[in-house]
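K.L.:
model this:
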Amino acid sequence: MSWLGKVFGGTFGFMLGGPLGALMGAAIGHQFDRGMEGMEPFARIEPGRQERIQMAFFTATFSVMGHLAKADGRVTEAEIDMARQIMERMELPREMREAAIRLFNEGKSPHFPLDDTLAQFRHEVGRRSTLIRVFIEILLQAAFADGHLHPIEERLLLHICEQLGFSRFEFQALRAFMEAQLRFSQARYQQGRHYHRRRPAPREPSLTDAYAVLGLSRNASVAEVKKAYRRLMSQHHPDKLVAKGLPEEMVKIATEKTQKIREAYEIIMRTKKR
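P.N.:
This next block holds a predicted model:
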């Protein structure tokens, strides 16, 4: 079990403080106190730097996701399903899943302290810009749950980026990257359905989308393709992200991204060799 999993299981105490600590306390509720029964005084352990970042990332992700879902006035079934899918892909144990749902609901509250939450999250993450990028990626994925990005959601995402020091240019590039990944994944999904039904498989994901996944234009050279591939694989490498503070439960999401990046790279390189 990861350190974060032990917290939700009631094995360790924590002193995160601030709005993130308040949100986490509300999400865990009395479950944590029950887990501490019978332990000696002062047995509550102050988390180290990495553990604080893991706690902050988990708390901010699901609470801000709930706030984003409510941004256009109502939370759709697609947005709720997307949140559940993310939890399922993380394979969260029961206690963590219940806490994630409570955090999502806390984010939907009209009194949710968005800016204070983001300020503390940015402070905890520090200069780990890769974690902020992953955080924005997850929020974008949730925002696209209903098939499109609502203008109100986009404005809120831009505000979140501004609070986290993530530039508008980086956001637009990441948005194009995520849209290409979605089209890429949908094409792969359709391929799989046709294959299992023993029908002629449709064409693989478009070359244009493959280039977009790597953030390149179609006239990119082999050297540029390889450079972009290595950079993205390094950014999304699960071990590196965990070392920076990504909760271990979110490693599977990072692994899925590296698989899409690798598939896009292979499609491009096949065409380059023709």
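K.L.:
so residue 20 is in which element?
P.N.:
Assigned by DSSP states H and E, residue 20 falls within helix 18-28.
K.L.:
got the CA positions of that helix in PDB?
P.N.:
Only the C-alpha atoms of helix 18-28 are listed here, as PDB (Å, rounded to 0.1, in the frame of the first residue of the first chain):
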ATOM      1  CA  GLY A  18      -4.600  25.300   5.100                       C
ATOM      2  CA  PRO A  19      -7.600  24.900   2.700                       C
ATOM      3  CA  LEU A  20      -6.200  21.600   1.400                       C
ATOM      4  CA  GLY A  21      -6.000  20.200   4.900                       C
ATOM      5  CA  ALA A  22      -9.500  21.300   5.700                       C
ATOM      6  CA  LEU A  23     -10.800  19.700   2.500                       C
ATOM      7  CA  MET A  24      -8.900  16.500   3.300                       C
ATOM      8  CA  GLY A  25     -10.300  16.500   6.800                       C
ATOM      9  CA  ALA A  26     -13.800  16.800   5.500                       C
ATOM     10  CA  ALA A  27     -13.200  14.000   3.000                       C
ATOM     11  CA  ILE A  28     -11.800  11.600   5.500                       C
END
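K.L.:
show me what it is packed against.
P.N.:
On a contact count with 3 or more CB pairs under 8 Å, 6 or more residues apart in numbering; DSSP states H and E, helix 18-28 meets helix 49-69, helix 94-108, helix 114-125. Every C-beta, even on glycine, is put in place using the N, C-alpha and C of the backbone.
K.L.:
how far out from the middle of the chain is that helix?
P.N.:
19 Å (CA atoms, centre = their mean, to the nearest Å).
K.L.:
repeat for stretch 57-67
P.N.:
10 Å.
K.L.:
what's in contact with that stretch?
P.N.:
Stretch 57-67 has contacts (CB atoms under 8 Å, 6 or more residues apart in numbering) with 4, 16, 20, 23-24, 27, 75, 83, 86, 96, 100-101, 103-108, 112, 114, 117-118, 121, 125, 131, 135, 138-139, 142, 156, 160, 245-247, 249-250.
K.L.:
how does it look with 7 Å?
P.N.:
4, 20, 23-24, 83, 100, 103-108, 112, 114, 117, 121, 131, 135, 138-139, 142, 160, 245-247 (CB atoms under 7 Å, 6 or more residues apart in numbering).
K.L.:
likewise for stretch 243-256?
P.N.:
Residues contacting stretch 243-256 (CB under 7 Å, 6+ apart): 2, 4, 50, 53-54, 57-58, 89-92, 96, 125, 128, 130-131, 134, 236, 238, 241-242.
K.L.:
show the average pLDDT along the helix holding residue 20.
P.N.:
Here helix 18-28 scores 81 as its mean pLDDT.
K.L.:
which parts of it are buried?
P.N.:
Neighbour-count burial for helix 18-28, counted by 16 or more other CB atoms under 10 Å, picks out 18-24, 27-28.
K.L.:
now render those residues as JSON lines, adding distance to residue 255.
P.N.:
Below are the buried residues of helix 18-28 laid out as JSON lines (distance: CB to CB, whole Å):
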{"residue": "18", "distance to residue 255": "31"}
{"residue": "19", "distance to residue 255": "30"}
{"residue": "20", "distance to residue 255": "26"}
{"residue": "21", "distance to residue 255": "30"}
{"residue": "22", "distance to residue 255": "32"}
{"residue": "23", "distance to residue 255": "27"}
{"residue": "24", "distance to residue 255": "26"}
{"residue": "27", "distance to residue 255": "26"}
{"residue": "28", "distance to residue 255": "27"}
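K.L.:
closest to residue 223 out of these?
P.N.:
residue 20 (43.0 Å; CB to CB).
K.L.:
what's near enough to touch the closest one?
P.N.:
56, 59-60, 117, 120-121.
K.L.:
what's in contact with the helix or strand residue 152 falls within?
P.N.:
Assessed by DSSP H and E, residue 152 sits inside helix 151-164. Helix 151-164 is contacted by residues 64, 68, 71-72, 115, 118-119, 122, 132, 136, 139-140, 143, 168, 171 when judged by CB under 7 Å, 6+ apart.
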